[in-house]
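Asker: please work out how this folds:
(2 chains)
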Amino acid sequence: MLRYVLGRLWQSAILLLLVSFIGFVVLSLAPGGPLSQFALSPGMTQEQLDRIAEQMGLNRPVIIQYLEWLRHMLAGNWGVSYRDGQPVLKIIGSHLFATLLLMVTSTILAVSIGSTIGIVSAIRRGSVFDYTMTVLAMVALSIPTFWFGLVAIYVFSLNLGWFPAGNMYTAGDGSILDYARHLVLPAMVLALVDLAIWSRYMRTATLNVINQDFVRTARAKGLPRRRVLFKHIVGNALIPMITLAGLQLPTLLGGALVTETVFTWPGMGRLFLDSLGYSDYPVVMGLLMTSAIFVVIGNLAADLTIALIDPRVRLE
Amino acid sequence: MSLTDTAAAPRQFIRSRALRRFLSHKLALLGVFMVAMLTVVCFAGPWFLPYDELYIDLRARFAPPMTGGHIFGTDPLGRDLAARLFHAGQVSMSIGFAVMVIATTIGSVVGVVAGYYGGRVAAVLMRIVDAFLAFPSVFLLLVLAAFIKPGPAMIALIIAATSWMEVARIVEAEVKSLRDRDFVQAARMLGLSGRWIMFRELLPNAIGPIIVAATLTVARAILLEAYISFLGYGIQPPLPSWGNMLNGAQQYLQSAPWLAIVPGVAITMAVTGFNFIGDGLRDAFDSRTDLK
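Answerer: Residues are numbered from 1 along each chain as shown, chains lettered A, B, ... in the order given. Model (predicted):
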């Protein structure tokens, strides 16, 4: 077990290194590079630009810059924002809560509703319900998240007036109920894609379990249907879903970015777009790394959980 | 009789069987119909409209649908929304196809090389695939689009750069399972070059999964173009695309909801269509579905 864990940790570290290198090279190769922001100010001469480049170490080869950046990053120094001079880690940290709140809520929605749909579809395989859900899931996967957000705002906010159209809380309020009211629409919108994927995979996973010998045995020895369903079938069908949860993280983060934009939600996705607009390279790079760390750790956690709870996984 | 002839016979058989299964797949046919209809309407539609997509008429700003000869109404500059929608469709769907061609080519080459050579080559290539997959694609896309001057061709290239990994994984897995089959051994013994074996022997045998992935790539590309254009980093006006038509729509949601609804429905229809086709193709190529 320890060897497996160490092996996976090592792989994840290598992957993060590769990710950071790709991200850094892409950002460095940008036309104008990180200097383009300074070049915008009026009265800036080439000499001054050169001096800034030298001060910031931008005139050295990319690989040296990368190693330097890596050394600082590992030491916890992710650079400072070009925009307001704040440390990148601090800026990201202040936007983390909003994004996590949104992602966790929508994941809970997606997993609970999606799994239920998947299980019912599998049990009533070939029924009208099963067929309808198959088609609906595919349509749901085809709807652009941001457009679904616009429609949700139009219907539930502008016309029905049930929920606010944006922001995380009302200024001056800030009770839990107020947060919850603001959370409903964006969480629902973000959950749609995951919900569709989750229901499809849960259906397949349940179908795979439903015909296995141990389920037949459980039924044959006279266990109540409900007990067989929840203990034997659902319990086993959920195991592969753990991997799926890890694999879905990039999609979820991408979805959070557009959802936050539409609902003016003060999270990392909007921070990313704002920083991109200002060519705030250190923040952009920091956010790329944060999302990659999320994804890599998510997959690692999924693999380790499976290794822990599923005795069939042999660790060699 | 050359080696390729013997390999071709079962392949042809598989294809005709797959075609039959595809044609009996109702959703897939609906998908074909939706895509065909959108294509015809977008490419032929502009000829039948009284307005040009760039014609600005400030007196006819925000005309609701079905008034003054505007089927879908007009936008904040009084331009005909239908004309813009059709032209945008040409742009968005062309980008979808271009992305499919580029991404499938890159993915197939990476996948077949990694699958055929295995070992260290595969380890390096597939780690790169993993690294690209670890970025949420919208993030990477936006970074690329923000820096590179975004013309339609460039947008297609950028989207392809974030869409080839799926194909690479599928092809790698497929080729790895074919690598030690007899027909590959035979080709090797005949002294055929690695390139010949990879592209003439292995790749054609993986064509089913590649076609499925390619179809789904079109759907994905249309969606991604919509995402980045909506956020203002994709196709730049005055050239319309389904995504950038939605760019300013949010602020007029109350007064002119058709600005948001019309392009969104078009995107959803196109993406759904391609997803239906891809799903049908997957069932058609999957030999296990025969057993039912």
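
Asker: show me the helices in the stretch 1-150 of chain B, by range?
Answerer: All helices of the stretch 1-150 of chain B, identified by DSSP state H, counting those that start in this stretch, fall at B:3-23, B:26-48, B:81-117, B:119-134, B:137-147.

Asker: can you add distance to B:Val218 and give these back as a markdown table?
Answerer: C-beta: built from backbone N, CA, C; applies to glycine. Supplementary listing: the helices of the stretch 1-150 of chain B in a markdown table, determined by distance: least, C-beta to C-beta, whole Å:
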| stretch | distance to B:Val218 |
| --- | --- |
| helix B:3-23 | 16 |
| helix B:26-48 | 9 |
| helix B:81-117 | 4 |
| helix B:119-134 | 19 |
| helix B:137-147 | 15 |
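
Asker: so which of those helices comes closest to A:His232?
Answerer: The closest of the helices of the stretch 1-150 of chain B to A:His232 is helix B:26-48. By C-beta to C-beta, the value is 32.3 Å.

Asker: so which bits of that closest one are buried?
Answerer: B:27-28, B:30-32, B:34-35, B:38, B:41-42, B:45-46 (16 or more other C-beta atoms under 10 Å in any protein chain shown).

Asker: what is the orientation angle of it with helix B:81-117?
Answerer: Going by axes from the mean of the first three to the mean of the last three C-alpha atoms, to 10 degrees, helix B:26-48 is angled at 130 degrees with respect to helix B:81-117.

Asker: so which elements touch helix B:26-48?
Answerer: Applying 3 or more C-beta pairs under 8 Å, 6 or more residues apart in numbering or on different chains; DSSP states H and E, we find helix B:26-48 packed against helix B:81-117, helix B:258-285.

Asker: give me the nearest residue to B:Ile106, chain neighbours excluded.
Answerer: In space, and not counting its chain neighbours, B:Ile106 is closest to B:Trp164: 4.1 Å by C-beta to C-beta, 6 or more residues apart in numbering or on different chains.

Asker: ok, that neighbour - how many residues close by?
Answerer: 25 (other C-beta atoms under 10 Å in any protein chain shown).

Asker: next one: B:Thr272
Answerer: Using other C-beta under 10 Å, B:Thr272 has 23 neighbouring residues.

Asker: just the pLDDT at the closest residue in space to it that isn't next to it in sequence, thanks.
Answerer: Using C-beta to C-beta, 6+ apart and skipping residues adjacent in sequence, the residue nearest B:Thr272 is A:Ser142, 4.0 Å away. Model confidence at A:Ser142, given as pLDDT, is 90.

Asker: now swap in B:Thr217 and tell me
Answerer: On the pLDDT scale, B:Thr217 gets 91.

Asker: so it is in contact with B:Ala103, correct?
Answerer: Yes. Applying C-beta atoms under 8 Å, one finds B:Thr217 in contact with B:Ala103, separated by 5.3 Å.

Asker: possible to save the helices of the stretch 1-150 of chain B as TSV with mean pLDDT?
Answerer: Below are these laid out as TSV (pLDDT from 0 to 100):
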stretch	mean pLDDT
helix B:3-23	64
helix B:26-48	86
helix B:81-117	90
helix B:119-134	85
helix B:137-147	81
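
Asker: gap between the closest residue to B:Asp130 other than its chain neighbours and A:Leu89?
Answerer: Closest residue to B:Asp130 apart from its sequence neighbours, by C-beta to C-beta, 6+ apart: A:Leu15 at 5.7 Å. Noted for A:Leu15: a distance of 21 Å to A:Leu89, by C-beta to C-beta, to the nearest Å.

Asker: which residues touch the residue nearest to B:Ile106?
Answerer: B:102-104, B:106-107, B:110 (C-beta atoms under 8 Å, 6 or more residues apart in numbering or on different chains).

Asker: what do you get for A:Phe146?
Answerer: Taking C-beta under 8 Å, 6+ apart as the test, what A:Phe146 contacts is A:258-259, A:261-262, B:226-227, B:230, B:246.

Asker: what about the residue nearest to B:Thr272, distance to B:Leu30?
Answerer: 13 Å.

Asker: in stretch B:101-121, which residues are buried?
Answerer: For stretch B:101-121, burial by neighbour count (16+ other C-beta under 10 Å) applies to B:102-104, B:106-116.

Asker: quick revisit: the more surrounded of A:Leu15 and A:Leu89?
Answerer: A:Leu15 (20 against 16).

Asker: check which helix or strand the more buried one maps to.
Answerer: helix A:2-29 (DSSP states H and E).

Asker: and the helix or strand where A:Ser112 lies with chain B, contact?
Answerer: Assigned by DSSP H and E, A:Ser112 belongs to helix A:88-123. No. For helix A:88-123, no contact with chain B is found by C-beta under 8 Å from any C-beta of the partner chain; the gap never falls below 11.7 Å.

Asker: now stretch A:243-256: buried residues?
Answerer: The neighbour-count check on stretch A:243-256 (16+ other C-beta under 10 Å) flags A:244-256 as buried.

Asker: so what touches it?
Answerer: Contact with stretch A:243-256 is made by A:99, A:102-103, A:106-107, A:111, A:145, A:190, A:193-194, A:197-198, A:201, A:267-269, A:291, A:294-295, A:298-303, A:306, B:133-139, as judged by C-beta under 8 Å, 6+ apart.

Asker: what's the PyMOL syntax to select whichever of those are buried?
Answerer: A single PyMOL command is used to select the members of the contacts of stretch A:243-256 judged buried by 16+ other C-beta under 10 Å:
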select buried, (chain A and resi 99+102+103+106+107+111+145+190+193+194+197+198+201+267+268+269+291+294+295+298+299+300+302+303+306) or (chain B and resi 133+134+135+136+137+138+139)
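
Asker: measure stretch A:158-175 end to end?
Answerer: Start and end residues of stretch A:158-175 are separated by 23 Å (C-alpha to C-alpha, to the nearest Å).

Asker: distance from it to the middle of the chain?
Answerer: Centre-to-centre, stretch A:158-175 and its host chain are 24 Å apart (C-alpha atoms, centre = their mean, to the nearest Å).

Asker: circling back to that earlier point, name the residues contacting each of B:Thr217 and B:Ala103.
Answerer: By C-beta under 8 Å, 6+ apart, B:Thr217 and B:Ala103 have these common neighbours: B:163, B:167.

Asker: neighbours around B:Glu172, how many?
Answerer: If you count neighbours by other C-beta under 10 Å, B:Glu172 ends up with 25.

Asker: you'd agree A:Arg124 is up against A:Thr132?
Answerer: No. Using C-beta under 8 Å, A:Arg124 is not in contact with A:Thr132, being 10.9 Å away.

Asker: follow-up on the earlier one: any idea which of the contacts of B:Trp164 is closest to B:Val265?
Answerer: B:Ala103 (26.0 Å).

Asker: show me the contacts for that closest one.
Answerer: Per C-beta under 8 Å, 6+ apart, neighbours of B:Ala103: B:159-160, B:163-164, B:167, B:214, B:217, B:221.

Asker: pull out the buried residues from the contacts of A:Phe146.
Answerer: The neighbour count (16+ other C-beta under 10 Å) marks A:258-259, A:261-262, B:226-227, B:230, B:246 as buried among the contacts of A:Phe146.

Asker: what's the helix or strand for the residue most central in space within chain B?
Answerer: Most central in chain B under C-alpha atoms, centre = their mean is B:Val218, positioned 1.0 Å from the mean C-alpha point. For B:Val218, the element it lies in under DSSP H and E is helix B:207-230.

Asker: and the angle for that helix with helix B:81-117?
Answerer: 140 degrees.

Asker: angle of helix B:207-230 against helix B:258-285?
Answerer: Using the same axes, to 10 degrees: helix B:207-230 against helix B:258-285 is 170 degrees.
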